[in-house]
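J.: Sequence plus predicted model, see below.
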Amino acid sequence: MLNLSNGNGGAYIRFMAQTKVWENSDKEAITIDTMVMDLDSVRTGWLLLAVGQRDWVEDAQVGVKGKQPSPDYKYGFSVKLFSKPTGVVEWCANGVGVTKGFQAIYNACDKAADANPGKVPVIKYEGATSLKIGAGNTSIPNFSLKNWINRPAALDADPADADFDEPEAAPAPAPVRQAAKPRPAPAPAPAPVQDDEEMFN
């Protein structure tokens with residue numbers, strides 16, 4: 001669990017909760033669809049966002065709140081995402097609606113991680129749900145867990161052409177020929193199977 005109740009540089013994306021629009025680090029509107037999420041990169045902490053200001057105070061342990069530096073800081077998260085259109089980007093936010101949306105998909109991925117060792121989740125953006133908070137309005141980005149793939153090299157090296165697909169499986173080795181064995185006697189015919197409907201008559 002991240003326990004989300006409410007400055008890293010490089011390429012980033014952000015979700016504009018009031019307009020339900022994604023922007024890149026050039027403040028251009030972009031279309032978000034399917035992305036790889038790097039669970040190992042997830043961090044929580046206190047984030048200050050103001051005009052000309054951005055400060056990130058990271059928790060010593062993910063999901064365990066450190067001391068709030070001041071009332072201007074809100075609790076948030078940081079995660080590394082990858083897709084072919086965006087490359088590797090950071091998503092860092094502290095808005096109420098955004099953290100709700102991220103925590104939901106993080107929890108789904110974290111729950112399934114043990115069954116997918118060495119792989120990373122592919123998530124899909126499914127639009128946003130409007131949310132009224134007091135006198136203000138926001139929205140919650142919705143995601144679904146699509147599948148799991150081998151970790152793309154881009155998450156570590158950021159090549160623009162990193163493959164989104166899993167590598168092909170190696171061909172199975174040719175079976176070893178064995179001496180022919182005598183065929184066993186045919187098994188007796190199985191007893192007739194009772195139809196499901198007959199069981200309830």
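T.: Happy to help now that I have it. Numbering: from 1, shown residues only.
J.: ok, now how distant is the residue most central in space within the chain from Gln53?
T.: In the chain, the C-alpha nearest the mean C-alpha coordinate belongs to Met37, at 4.1 Å (Cα atoms, centre = their mean). Counting by Cβ to Cβ, to the nearest Å, the gap from Met37 to Gln53 is 27 Å. The way it works is simple: take the backbone N, C-alpha and C, and place the C-beta from them, glycine included.
J.: One more: Lys27?
T.: 17 Å.
J.: repeat for Tyr125
T.: Tyr125 sits at a distance of 28 Å from Gln53 (criterion: Cβ to Cβ).
J.: try Trp148
T.: Distance, Trp148 to Gln53, by Cβ to Cβ: 38 Å.
J.: neighbour count winner among these two?
T.: Neighbour count, other Cβ atoms under 10 Å: between Trp148 and Gln53, Trp148 has more, with 19 against 9.
J.: neighbouring strands for the helix or strand hosting that one, and are they parallel or not?
T.: Applying DSSP states H and E as the criterion places Trp148 in strand 136-150. According to DSSP bridges, strand 136-150 forms sheet pairs with strand 119-133 (antiparallel).
J.: and the strand it pairs with, which residues are buried?
T.: If you call a residue buried by 16 or more other Cβ atoms under 10 Å, then strand 119-133 has these buried ones: Lys119, Val120, Pro121, Val122, Ile123, Tyr125, Ala128.
J.: backbone phi and psi for Lys111, please?
T.: Main-chain dihedrals, Lys111, degrees, to the nearest 10: phi -60, psi -30.
J.: And it, how close does it get to Val122?
T.: Separation of Lys111 from Val122 (Cβ to Cβ) stands at 16 Å.
J.: For the nearest residue to Lys132 once chain neighbours are set aside, give me its contacts.
T.: Of all residues not flanking Lys132 in the chain, Thr138 sits nearest, at 8.0 Å (Cβ to Cβ, 6 or more residues apart in numbering). Applying Cβ atoms under 8 Å, 6 or more residues apart in numbering, we find Thr138 in contact with Ala17, Gln18, Gly95, Val96, Gly97, Val98, Ser130, Leu131, Lys132.
J.: Give me the pLDDT for the last one.
T.: Model confidence at Lys132, expressed as pLDDT, equals 88.
J.: What of the fourth one?
T.: What the model reports for Val96 is a pLDDT of 94.
J.: Quick check: the closest residue to Lys146 other than its chain neighbours vs Asp59, distance?
T.: Nearest non-adjacent residue to Lys146, counting by Cβ to Cβ, 6+ apart: Val122, 4.5 Å away. In this view, Val122 and Asp59 are 26 Å apart by Cβ to Cβ.
J.: With Gly87 instead?
T.: From Gly87 across to Asp59, the span is 27 Å (Cβ to Cβ).
J.: What ranges does the chain have for its helices?
T.: In the chain, the helices defined using DSSP state H lie at 96-113, 154-157, 196-199.
J.: just how off-centre is the longest strand along the chain within its chain?
T.: In the chain, assigned by DSSP state E, the strand with the most residues is strand 34-50. Between the centre of strand 34-50 and the centre of its host chain there is 11 Å, according to Cα atoms, centre = their mean, to the nearest Å.
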